[in-house]
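>>> got a predicted structure here, sequence first:
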Amino acid sequence: MPALKDNDISSLPKYYAAVAQGSRNASFPMPSDLQTGTLLRTLAVLKPSGRFLELGTGTGLGVCWLLAGMDDSSTLTTVESEGKWLKIAQDSITDPRVTFVQSEGLAFLEGVPSESCDFIYADTWPGKYVGFEHSLRILKKGGLILLDDMLPQPNWPADHPPKVEKLIREIDLLPEEQFKSVKMCWYTGHILITKR
């Protein structure tokens with residue numbers, strides 16, 4: 001029986017090399033891991049003609065993986081508050097399906113119509129630790145939310161673990177008739193949520 005090697009990733013998406021190089025050049029401190037990227041790409045395939053939202057563009061590594069799984073009629077809006085990181089993504093990625101937005105995440109979320117997103121990747125505080133209720137509100141029925149960095153990370157500040165614990169408790173208390181979730185103790189730690 002062949003071994004499962006989840007770190008054996010031979011196929012990287014378009015734009016990934018350019019974004020990774022720009023991230024290294026700028027000493028970007030929080031790059032996404034390859035395993036989360038492969039999960040994003042695989043889940044994105046499930047939402048043909050989907051409306052995707054990424055909260056926390058960073059330098060655009062997650063964008064590369066999402067685009068690699070999206071079909072041609074899907075769209076992705078990705079939101080980042082820090083202009084110097086967003087510029088790396090904008091300079092490296094030229095795909096008509098993606099719209100880059102520089103904005104504070106919570107302010108952006110407040111303006112998104114209810115049940116308008118098929119897939120949300122919350123990779124920053126807004127939409128996850130702050131304003132999580134907005135992520136739930138804007139998710140369509142049958143839609144997916146992916147949360148990462150749910151296991152302790154070396155770059156966490158001392159006051160961060162209680163915020164993670166609080167969010168996990170909130171997710172555990174979501175009404176089962178409306179939401180289902182699964183926790184995955186894998187790489188940075190992931191929670192996948194869907195709305196019925």
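Structure received.
>>> check which residues of stretch 61-79 are buried.
For stretch 61-79, the neighbour count (16 or more other Cβ atoms under 10 Å) marks 61-70, 74, 76-79 as buried. Where C-beta positions appear, they are placed from N, C-alpha and C, glycine not excepted.
>>> again with stretch 76-92
Within stretch 76-92, the residues that count as buried by 16+ other Cβ under 10 Å are 76-81, 85-90, 92.
>>> now the terminal residues of that stretch, how far apart.
End-to-end distance of stretch 76-92 (Cα to Cα, to the nearest Å): 16 Å.
>>> next one: that stretch to chain centre, how far?
Average the C-alpha atoms of stretch 76-92, do the same for its chain, and the two points are 14 Å apart (Cα atoms, centre = their mean, to the nearest Å).
>>> quick one: mean pLDDT over it.
Averaged across stretch 76-92, pLDDT comes to 97.
>>> one more: stretch 44-61?
For stretch 44-61, mean pLDDT is 98.
>>> before we move on, what about stretch 23-37?
Taken as a whole, stretch 23-37 has a mean pLDDT of 91.
>>> name the residue closest to the centre of this structure, please.
Residue closest to the mean C-alpha point of the chain, counted by Cα atoms, centre = their mean, is Y121 at 2.6 Å.
>>> what residues does the longest strand along the chain touch?
Scanning the chain for the strand with the most residues, using DSSP state E, yields strand 139-147. Strand 139-147 has contacts (Cβ atoms under 8 Å, 6 or more residues apart in numbering) with 39-40, 43, 46-47, 51, 115-122, 128, 135-136, 167, 190-196.
>>> try stretch 72-88
Applying Cβ under 8 Å, 6+ apart, the set of residues contacting stretch 72-88 is 19, 22-23, 26, 28, 44, 47-60, 62-63, 66-67, 70, 89, 97-105, 108.
>>> check the offset of stretch 34-48 from the chain's centre.
For stretch 34-48, the distance to the chain centre is 10 Å (Cα atoms, centre = their mean).
>>> so what touches it?
With contact meaning Cβ under 8 Å, 6+ apart, stretch 34-48 is reached by 6-7, 9, 12-13, 50, 52, 61-62, 64-66, 68-71, 73-74, 118-119, 121, 143-144, 146, 148, 186-188, 190, 192.
>>> next one: stretch 157-165
Residues outside stretch 157-165 that contact it (Cβ under 8 Å, 6+ apart) are Y129, M150, P152.
>>> can you tell me how far the closest residue to W186 other than its chain neighbours sits from K166?
Of all residues not flanking W186 in the chain, Q35 sits nearest, at 7.1 Å (Cβ to Cβ, 6 or more residues apart in numbering). Distance check for Q35 against K166: by Cβ to Cβ, to the nearest Å, it reads 26 Å.
>>> the two: which is more packed in?
More crowded of Q35 and K166, by other Cβ atoms under 10 Å: Q35, with 16 against 12.
>>> three-state assignment of the more buried one?
Per DSSP: H, G, I helix; E, B strand; the rest coil, the local secondary structure of Q35 is helix.
>>> before we move on, the earlier item: in strands, which of the buried residues of stretch 61-79 appear?
Among these, the ones falling in strands (DSSP E) are L76, T77, T78, V79.
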